[in-house]
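J.: this one's structure only:
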């Protein structure tokens, strides 16, 4: 199954810093184009880049700082601190 599409009005974008602090952006101004060659992370998959690790689950996307575990869970409706 594929996740439902999110409208620009309901979009949520998140920026995670190496400290584990993050800022969330809500609405159409958060929507942008992914870089060329970007792939979607499938359910159960994870990716690590620099100090960060992100995993895709049925509940949402969880992104954390590898060294301290701080970060967020991004669901269809909210950003939750982890």
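T.: Here it is on my side, so go on. All values reported here derive from a predicted model rather than from experimental measurement. Numbers count the residues shown, from 1 in each chain.

J.: who touches stretch 44-64?
T.: 14, 16, 18, 20, 41-43, 65-67, 70-76, 82 (CB atoms under 8 Å, 6 or more residues apart in numbering). (Glycine included, C-beta is placed from N, CA and C.)

J.: tell me how many other residues surround residue 43.
T.: When neighbours are defined as other CB atoms under 10 Å, residue 43 has 11 of them.

J.: returning to that earlier point: for ChimeraX, write a command that selects the buried ones of the contacts of stretch 44-64.
T.: This is how ChimeraX selects the buried members of the contacts of stretch 44-64, with burial counted by 16 or more other CB atoms under 10 Å:
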select :14,16,20,65,70,71,72,73,74
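
J.: measure stretch 50-58 end to end?
T.: With CA to CA, to the nearest Å as the measure, the ends of stretch 50-58 fall 25 Å from one another.

J.: in it, what counts as buried?
T.: Buried residues in stretch 50-58, counted by 16+ other CB under 10 Å: 52-56.

J.: and what of stretch 36-45?
T.: By 16+ other CB under 10 Å, stretch 36-45 has no buried positions at all.

J.: where does pLDDT dip in this protein?
T.: 1-4 (pLDDT under 70).

J.: got phi/psi on residue 29?
T.: Per-residue torsions, residue 29: phi -70, psi -10 (degrees, to the nearest 10).

J.: mind listing the helices for the chain?
T.: Counting by DSSP state H, the chain has no helices at all.

J.: now, which of the buried residues of stretch 50-58 lie within strands?
T.: Under the assignment DSSP state E, these contribute 52-56 to strands.

J.: ok, those vs residue 30, which is closest?
T.: When those are ranked by distance to residue 30 (CB to CB), residue 54 comes first, at 16.9 Å.

J.: next one: that closest one from residue 29, what distance?
T.: 22 Å (CB to CB, to the nearest Å).

J.: list the contacts of the closest residue to residue 16 other than its chain neighbours.
T.: Nearest non-adjacent residue to residue 16, counting by CB to CB, 6 or more residues apart in numbering: residue 22, 4.6 Å away. Applying CB under 8 Å, 6+ apart, we find residue 22 in contact with 14-16, 71-72, 79, 81.
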